[in-house]
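Engineer: Have a look; sequence and predicted model below, questions after that.
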Amino acid sequence: MADQSSRGLSRRSVLTRGAGAVVGGAVVGSGLVGGVVGGAAGYAGRGVLDDDEAVPDWETVADSGVVGAATEPFHGPHQAGITTAPQAHAAFVGFDLAAGATRAEIQGVLRAWSQDAARLTSGRGGLADLEPELARDPARLTVTIGFGPGLFDAVRMPEKRPSWLRQLPAFPQIDQLEDRWSEGDLLLQICADDPLIVSHAARILASGVRGVAEQKWAQRGFRKAVGTDPTGRTQRNLFGQIDGTENPGPDDVDFDQVVFSDGRSSDGQIQRWMRGGSSLVLRRIRMTMDTWEEIDRTSRELSMGRRIDTGAPLTGVHEHDPADFEALDEVGLPVIPPGSHMARARQRDRGEAMLRRPYNYDDPPEPGRISNSGLIFTAYQADPVRTYIPVQRRLAEQDALNTWTVPIGSAVFALPPGAPEGGYVGQGLFDG
């Protein structure tokens, strides 16, 4: 191990130097801690994975075809891709509406997206698909549609915009936001366990907006491949950290209240068309891998507040052990530093609970650099003003991980309720 004085952080430095010594970017909960359960959860009980056992032989998985053939429903009360077990690959595509785009044209895009998404997620080509063979193996494809703040002005319905739907406040201590990764009037979130179908679906759907909207950015991410981890195991991010321990789960009695809107914002505003919908906070977070790898393991664990190998809090043994933030070490210092990411991100009350479902990215490096890696952080909640912003503000003020994380993109979207058979996503906005 490298000499602590030259390459590491002492417990005392994390405790005493705090935000003054740690500047950069923050991630919620972790923004470096997200996700529901492993992508393999989508295959439990489908002949490849049992609930308590993984298939020992890759040929069995490869030859079964079950990964490619598996589907997730498009129609329903909620959009798929929010509480769906995370797939291995994702694309997030943001669009800006063209000047002069009409309400009827935007509705036409939403109808076309919904029709094509329903076909693609069931293994059929889109309506104008010239390569329908690429759609035959949907691999749990989901397509989730989002509305940015600007859409409501474009359709001349500003009164229908939820009061929480606005860009996040500035976090000057950490943000280095770039326009090429930020904001947007429309969003497509496309996830599947096969990158080929993600790419094909993104192309088919994006081609349907010509003349009405222009693609502003596309962000592609990945998680561990299906079959590499048993069902339900928490994923790791590119820092090697177990990523997603403190997440609400479907068995929680208030799960739907945490994730889905009842149409009411925290300020009392009511938007009935949003009942059953959700919100997405999307943050692109650069992880400075080169400097992270210069510090020793103990320093990394002190910064996080958890053990790297097990994900356990520094006061525990197992990942889901409760943390003891009052515990002191042999010299009287807190075992879990107050400035650690875990200590700063922990929920102060249930109102700060959010569902995190992040993806790693690893893009070609810029000239003179050897890496361009990070996290596409996604948080889903009924109201980000009540839930996300207080946590992010706390992390921006002080978080030991800020030294190695820099937010470079940011966007907020309303995710309308799901579409019924024969309907389209967002129809309630226009019909209500």
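Structural biologist: Looks like it arrived, so ask away. Numbers count the residues shown, from 1 in each chain.
Engineer: Leaving out chain neighbours, which residue sits closest to Gly316?
Structural biologist: Once flanking residues are discounted, Gly316 sits nearest to Ala323: 6.8 Å by CB to CB, 6 or more residues apart in numbering. Every residue, glycine included, has its C-beta placed from N, CA and C.
Engineer: thought that neighbour was touching Pro313?
Structural biologist: Yes: counting by CB atoms under 8 Å, Ala323 sits close enough to Pro313 to count as a contact (3.8 Å).
Engineer: Counting neighbours, go ahead and name the busier of the two.
Structural biologist: Neighbours of Ala323 and Pro313, each counted by other CB atoms under 10 Å, are more numerous for Pro313; the result is 27 against 20.
Engineer: thinking that one is in contact with Ala327, fair?
Structural biologist: No: at 9.4 Å, Pro313 does not count as touching Ala327 under the criterion of CB under 8 Å.
Engineer: between the two, what contacts are shared?
Structural biologist: Residues within reach of Pro313 and of Ala327 at once, by CB atoms under 8 Å, 6 or more residues apart in numbering, are Ile336.
Engineer: where do the contact lists of Ala323 and Pro313 overlap?
Structural biologist: Counting by CB under 8 Å, 6+ apart, the contacts common to Ala323 and Pro313 are Gly305, Ile336, Met342.
Engineer: ok, the second one - contacts?
Structural biologist: In other words, Ile336. With CB under 8 Å, 6+ apart, Ile336 has these contacts: Gly305, Pro313, Leu314, Thr315, Ala323, Asp324, Phe325, Ala327, Met342, Ala343.
Engineer: coming back round to it: output the shared contacts of Ala323 and Pro313 in CSV, with pLDDT, secondary structure and distance to Arg161 appended to each entry.
Structural biologist: Putting the shared contacts of Ala323 and Pro313 into CSV (pLDDT from 0 to 100; DSSP: H, G, I helix; E, B strand; the rest coil; distance: CB to CB, whole Å) gives the following:
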residue, pLDDT, secondary structure, distance to Arg161
Gly305, 96, coil, 38
Ile336, 97, coil, 41
Met342, 94, helix, 35
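Engineer: Which one of those residues is nearest to Leu188?
Structural biologist: Distance to Leu188, by CB to CB, is smallest for Met342 among the shared contacts of Ala323 and Pro313, at 33.2 Å.
Engineer: what's the distance between Ala201 and Glu326?
Structural biologist: Here the distance between Ala201 and Glu326 works out to 49 Å (CB to CB, to the nearest Å).
Engineer: between these two, who's got more neighbours?
Structural biologist: Comparing Ala201 with Glu326 by neighbour count (other CB under 10 Å), the higher total belongs to Ala201, at 27 against 9.
Engineer: Settle this for me: the more buried one is touching Arg140, isn't it.
Structural biologist: No: the pair Ala201 and Arg140 does not pass the contact test of CB under 8 Å, sitting 12.0 Å apart.
Engineer: Would you mind listing the two of the contacts of Ile336 that lie farthest apart?
Structural biologist: Of all pairs drawn from the contacts of Ile336, the one with the largest separation by CB to CB is Ala327 and Met342; the distance is 12.9 Å.
Engineer: So which of those two has more stuff around it?
Structural biologist: Each of Ala327 and Met342 has its neighbours counted (other CB under 10 Å); Met342 has more, 24 against 13.
Engineer: Spatially nearest residue to the more buried one, not counting backbone neighbours?
Structural biologist: Distances taken as CB to CB, 6+ apart place Gly305 nearest to Met342, at 3.0 Å, with adjacent residues excluded.
Engineer: wait, isn't Arg386 in contact with Gly351?
Structural biologist: Yes: between Arg386 and Gly351 there is a contact at 5.6 Å, judged by CB under 8 Å.
Engineer: Looking at the shared contacts of Ala323 and Pro313, spot the one nearest Val259.
Structural biologist: When the shared contacts of Ala323 and Pro313 are compared for distance to Val259 (CB to CB), Met342 wins out at 22.5 Å.
Engineer: contacting residues for that closest one?
Structural biologist: Counted by CB under 8 Å, 6+ apart, Met342 has contacts Met304, Gly305, Arg306, Pro313, Ala323, Ile336.
Engineer: same question, Phe325
Structural biologist: If you count contacts by CB under 8 Å, 6+ apart, Phe325 has them with Thr315, Pro334, Ile336, Pro338, Ala343, Arg346.
Engineer: One more: Gly123?
Structural biologist: Gly123 makes contact with Ala69, Thr71, Ala135, Arg136, Asp137, Pro138, according to CB under 8 Å, 6+ apart.
Engineer: Tell me the buried residues within those residues.
Structural biologist: Buried residues within the contacts of Gly123, counting neighbours by 16 or more other CB atoms under 10 Å: Thr71, Ala135, Asp137, Pro138.
Engineer: Those: which two are farthest apart?
Structural biologist: In those, two members sit farther apart than any others by CB to CB. They are Thr71 and Ala135, at 11.4 Å.
Engineer: Spatially, what comes nearest to Leu415 if we skip its sequence neighbours?
Structural biologist: Nearest-residue entry for Leu415: Ser278, 4.5 Å, with adjacent residues in sequence omitted and distances by CB to CB, 6+ apart.
Engineer: Near that neighbour, how many other residues are there?
Structural biologist: Using other CB under 10 Å, Ser278 has 26 neighbouring residues.
Engineer: Could you do Asp254 as well?
Structural biologist: Other residues within reach of Asp254 by the criterion other CB under 10 Å amount to 10.
Engineer: hang on, it packs against Gln381?
Structural biologist: No: shown here, Asp254 and Gln381 do not form a contact pair, counting by CB under 8 Å, at 11.9 Å.
Engineer: Please enumerate the shared neighbours of the two.
Structural biologist: Contact with both Asp254 and Gln381 is made by residues Ala353, according to CB under 8 Å, 6+ apart.
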